[in-house]
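Engineer: compute the structure for the input listed below.
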Amino acid sequence: MNLFDYMMCFFVSNCIRPMPEGPHQVHLSLNDEATSITVSWTDLKPFQEPTVKWGLERDQLSNQSGGHLRRFGSFGRDIFSYWAVMRNLEPDTTYYYQVGSKSRLSPVYSFRTLPSGTNWSPRIAIFGDLGLKNGQAIPVLNNRSVSGDFDLVAHIGDIAYDLYSSHGIIGDEFMQAIEPMTSSVPYMVVPGNHEYLPIIGDSGVAYKYRYKMPGESNDMYTFTVGPILFITISTEFYYYLEGGGAKKVAEQRDWLENVLTEANQPENRAKHPWIIVLGHRPFYCSSSRFGRCPGGTTWIRTGSNYLGKGLEDLFYKGGVDLVFGGHNHQYERMYPVYDLKISGSSTPYLNPNATTYIISGSAGNQEDLDGFKEDPPVWSAFRNSEYSYTQLTAFNSTHLMLQQISVPSETVIDSVIITQRNHRPFDQP
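Structural biologist: Sure thing, here's the model as predicted:
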């Protein structure tokens, strides 16, 4: 073991260990085709003909599709990442599948496709800041995913702590640890600051090549689940970590304007009335941790003279119902709020006139939990510093429930139902 490896072992408490032979770290993700799903995996060796086989019976995997190799390095160690697509799938159907190559195949996994259309009630787990060390939520999320309690999971940044650490071994071990979850339901990811750390990190290389999200980028993309349109963004553009600064901020804002304009076309909003944004850093927060939210908000909300406009006004005018973030290792639910003012009456979640912001960054990692400032701002509805994750259930086009579930006890520590019978841009009556 060289000095660098020894230092990583000391500080991260994980030494370089051999990975399993054959395909592993299997994870599913949605793509741009409603009747297909992407599967990704890792192997210790490069293979020229990666493949996925699938079928309706465990011992009859009669369908096959070729895959793609993405080779990347993590501080001198080669990592071989693969992806392939299973196509022409029937909705709401259990499929069995196997990945690898002609000479090395994985065990047989299974998953259930999403129901077709929008008239069904998706159940989604949302969490940020989940690491390998002290990953408190991992056993519960694995068990519930395998049991069929979730239709999809969304990891909103700061993955593994960190994907590149110990020559990528931490990323490998984390993805192997959550494989029961990620091989059973689509696992959608969002970039956080730990994915794009410069100098001591890898500036996003592992995040770019380990995952295959819809569209052309793992930073900004959209996907639909039942009556929900999800929009993922990179909050890291506001913190220079991806080397873009003002240019990237402007490009993302232009992209968001186009996405929200299209989403609010009457036929599209009728089909996917709920619009939910997934990012990493919060817009509002009352964390006591130094530098988290000076004055209760961040540049992502307000913008700055150097970076340009923030995003709160765009989400308000685009009728975004919910924005999820992490970064702070705690849970905080805001009232529907715009420009620091609570929107609505004494029942703010009944036909709200502004966006509701949620922080769900307490799934568990080596940095432990954060505390709160003593006096909550008026727009902060509920705060909690226990290890937990969010479960979102969209019952239909008008009623959506959020539950914050503590781990490992699986106690519901917060619950709220949002009723919206007038989905629209909030600057319109």
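Engineer: pLDDT weak spots in this protein?
Structural biologist: For the chain, the stretches with pLDDT under 70 are 1-19, 198-201, 240-244.
Engineer: which strand in it has the most residues?
Structural biologist: Longest strand in the chain by number of residues (criterion: DSSP state E): strand 63-74.
Engineer: in it, what counts as buried?
Structural biologist: Within strand 63-74, the residues that qualify as buried by neighbour count (16 or more other CB atoms under 10 Å) are 63, 65, 67, 70, 72, 74. Yep, even glycine has a C-beta here, placed from its N, CA and C like the rest.
Engineer: neighbouring contacts of the top helix by length along the chain?
Structural biologist: Longest helix in the chain by number of residues (criterion: DSSP state H): helix 246-263. If you take CB atoms under 8 Å, 6 or more residues apart in numbering as the criterion, helix 246-263 is touched by 220, 222, 229, 231, 233-234, 237-238, 242, 244, 268-269, 272, 275, 303, 306-309, 311, 314-315, 317-320.
Engineer: filter these down to the ones in strands?
Structural biologist: Per DSSP E, those map to strands at 222, 229, 231, 275, 303, 308-309.
Engineer: sorry, back to before: out of the contacts of helix 246-263, which end up buried?
Structural biologist: With burial judged by 16+ other CB under 10 Å, the buried subset of the contacts of helix 246-263 is 220, 222, 229, 231, 233-234, 237-238, 242, 244, 269, 272, 275, 303, 307, 311, 315, 317-320.
Engineer: quick revisit: so after the longest strand of the chain, what's the next helix or strand?
Structural biologist: Once the chain leaves strand 63-74, the next helix or strand it forms, by DSSP states H and E, is strand 77-86.
Engineer: pull up the pairing partners for that next one, direction included.
Structural biologist: Looking at strand 77-86 with DSSP bridges, its partner strands are strand 37-43 (antiparallel), strand 63-74 (antiparallel).
Engineer: so which of those strands comes closest to Ser106?
Structural biologist: Closest to Ser106 of the strands paired with strand 77-86 is strand 37-43 (CB to CB; 6.9 Å).
Engineer: next SSE after that closest one?
Structural biologist: Counting by DSSP H and E, the next helix or strand C-terminal to strand 37-43 is strand 51-55.
Engineer: quick one on the thing from earlier: quick one: which of the buried residues of strand 63-74 is nearest Ser406?
Structural biologist: Ranked by distance to Ser406 (CB to CB), those are led by Ser74 at 34.1 Å.
Engineer: ranges for the strands of the stretch 251-400 of the chain?
Structural biologist: In the stretch 251-400 of the chain, strands defined by DSSP state E, counting those that start in this stretch lie at 274-278, 303-304, 308-309, 322-325, 331-334, 337-338, 341-342, 356-360, 380-384, 388-394, 399-406, listed in chain order.
Engineer: export these to a markdown table and tack on distance to Glu179?
Structural biologist: Listed next are the strands of the stretch 251-400 of the chain as a markdown table, based on distance: least, CB to CB, whole Å:
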| stretch | distance to Glu179 |
| --- | --- |
| strand 274-278 | 22 |
| strand 303-304 | 40 |
| strand 308-309 | 40 |
| strand 322-325 | 24 |
| strand 331-334 | 26 |
| strand 337-338 | 38 |
| strand 341-342 | 42 |
| strand 356-360 | 22 |
| strand 380-384 | 29 |
| strand 388-394 | 18 |
| strand 399-406 | 21 |
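Engineer: so which of those is the most packed in?
Structural biologist: Neighbour counts (mean count of other CB atoms under 10 Å) averaged over each of the strands of the stretch 251-400 of the chain peak at strand 356-360, with a mean of 28.
Engineer: Pro376 reaches Ser286, doesn't it?
Structural biologist: Yes: at 5.5 Å, Pro376 and Ser286 qualify as touching, with contact defined as CB atoms under 8 Å.
Engineer: compare those two (neighbour count), which wins?
Structural biologist: Taking other CB atoms under 10 Å, Pro376 and Ser286 do not tie; Ser286 has more neighbours (23 against 14).
Engineer: spit out the contact partners of the more buried one.
Structural biologist: By CB under 8 Å, 6+ apart, the contact set of Ser286 is 293, 296, 332, 372-373, 376-377, 380, 383.
Engineer: try 7 Å
Structural biologist: By CB atoms under 7 Å, 6 or more residues apart in numbering, the contact list for Ser286 reads 296, 332, 372-373, 376-377, 380, 383.
Engineer: do the same with Pro425
Structural biologist: 264, 317-319.
Engineer: same check, this time on Met188
Structural biologist: Contact analysis of Met188 by CB under 7 Å, 6+ apart lists 29-30, 152, 154, 213, 223.
Engineer: again, only this time at 10 Å
Structural biologist: Listed by CB atoms under 10 Å, 6 or more residues apart in numbering, the contact set of Met188 reads 28-30, 124, 126, 152-156, 211, 213-214, 218, 221, 223, 225, 230, 232, 278.
Engineer: cool, and Pro429?
Structural biologist: By CB under 10 Å, 6+ apart, the contact list for Pro429 reads 353, 422.
Engineer: quick one: Phe237 from His280, how far?
Structural biologist: Taking CB to CB, to the nearest Å as the measure, Phe237 falls 11 Å from His280.
Engineer: what's the answer for Gln265, then?
Structural biologist: Distance from Gln265 to His280, by CB to CB: 29 Å.
Engineer: more neighbours: which of the two?
Structural biologist: A count of neighbours by other CB under 10 Å puts His280 above the other of Gln265 and His280, at 29 against 10.
Engineer: and the closest residue to that one other than its chain neighbours, how many neighbours?
Structural biologist: Excluding its sequence neighbours, the residue lying closest to His280 (CB to CB, 6 or more residues apart in numbering) is Gly157, at 3.1 Å. Neighbourhood size, Gly157 [other CB under 10 Å]: 29.
Engineer: ok, Asn384 to Leu369 distance?
Structural biologist: Note on Asn384: its distance to Leu369, by CB to CB, is 10 Å.
Engineer: repeat that for Leu197.
Structural biologist: In this structure, Leu197 and Leu369 are 21 Å apart, going by CB to CB.
Engineer: more neighbours: those two, which one.
Structural biologist: Using other CB under 10 Å as the criterion, Leu197 and Leu369 rank with Leu369 on top: 21 against 16.
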